[in-house]
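> sequence isn't available, so here's the structure alone:
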């Protein structure tokens with residue numbers, strides 16, 4: 001699996017954002033469309049700015065009201081280590097993971 005280059009993209013307004021040549025994110029009002037996964041993401045516009053970037057070892061995600069390490073979450077979902085290296089995440093200004101791009 002080819003490693004995704006380092007990505008650090010700030011989203012602070014509606015629009016179309018090209019993450020790389022194979023990935024595009026469309027932000028329209030309160031819905032995001034991630035082209036490769038054909039997934040709709042609902043979010044709070046008051047979260048702006050949000051950042052899209054590579055997964056980091058210390059990332060945390062809120063699951064059912066409890067904070068959990070993203071690494072533990074991915075392990076529980078049985079996501080392979082090789083695939084994890086290439087995951088992109090959307091994080092808020094507190095660096096909390098809001099969404100994992102490409103996971104369904």
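Okay, I see it. Quantities reported herein were computed from a predicted structural model and do not represent experimental measurements. Numbers count the residues shown, from 1 in each chain.

> what packs against the longest helix anywhere in the chain?
Among the elements of the chain assigned as helix by DSSP state H, the one spanning the most residues is helix 70-76. In terms of contact count using 3 or more CB pairs under 8 Å, 6 or more residues apart in numbering; DSSP states H and E, helix 70-76 is assigned the packing partners strand 60-63. Backbone N, C-alpha and C define where each C-beta goes, glycine included.

> what is the rounded mean pLDDT of the strand it packs on?
For strand 60-63, mean pLDDT is 90.

> now do it: distance to the chain's middle.
12 Å (CA atoms, centre = their mean, to the nearest Å).

> could you do stretch 55-67 as well?
Counting by CA atoms, centre = their mean, stretch 55-67 comes out at 12 Å from the chain centroid.

> what's that stretch in contact with?
Contacting residues not belonging to stretch 55-67 are listed as 68-71, 73, 84-85, 87-89, 91, 95-97, 100 [CB atoms under 8 Å, 6 or more residues apart in numbering].

> low-confidence stretches in the protein?
Residue ranges of the chain with pLDDT under 70: 1-4, 29-46, 102-104.

> give me phi/psi at residue 82?
The phi/psi pair for residue 82 (degrees, to the nearest 10) reads phi -60, psi -40.

> tell me where this protein has strands.
8-11, 15-20, 23-28, 31-34, 39-42, 50-54, 60-63, 66-69, 88-91, 96-101 (DSSP state E).

> can you redo the ones you listed as a markdown table with distance to residue 77?
Output for these, formatted as a markdown table (distance: least, CB to CB, whole Å):
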| stretch | distance to residue 77 |
| --- | --- |
| strand 8-11 | 25 |
| strand 15-20 | 22 |
| strand 23-28 | 21 |
| strand 31-34 | 18 |
| strand 39-42 | 16 |
| strand 50-54 | 18 |
| strand 60-63 | 11 |
| strand 66-69 | 11 |
| strand 88-91 | 14 |
| strand 96-101 | 10 |
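
> of the ones you listed, which is nearest residue 79?
Of all those, strand 96-101 sits nearest to residue 79, with 9.1 Å by CB to CB.

> roughly how far apart are the most centrally placed residue in the chain and residue 78?
Note on the chain: the residue nearest the mean C-alpha position is residue 89, at 2.3 Å, using CA atoms, centre = their mean. Residue 89 sits 18 Å away from residue 78, going by CB to CB, to the nearest Å.
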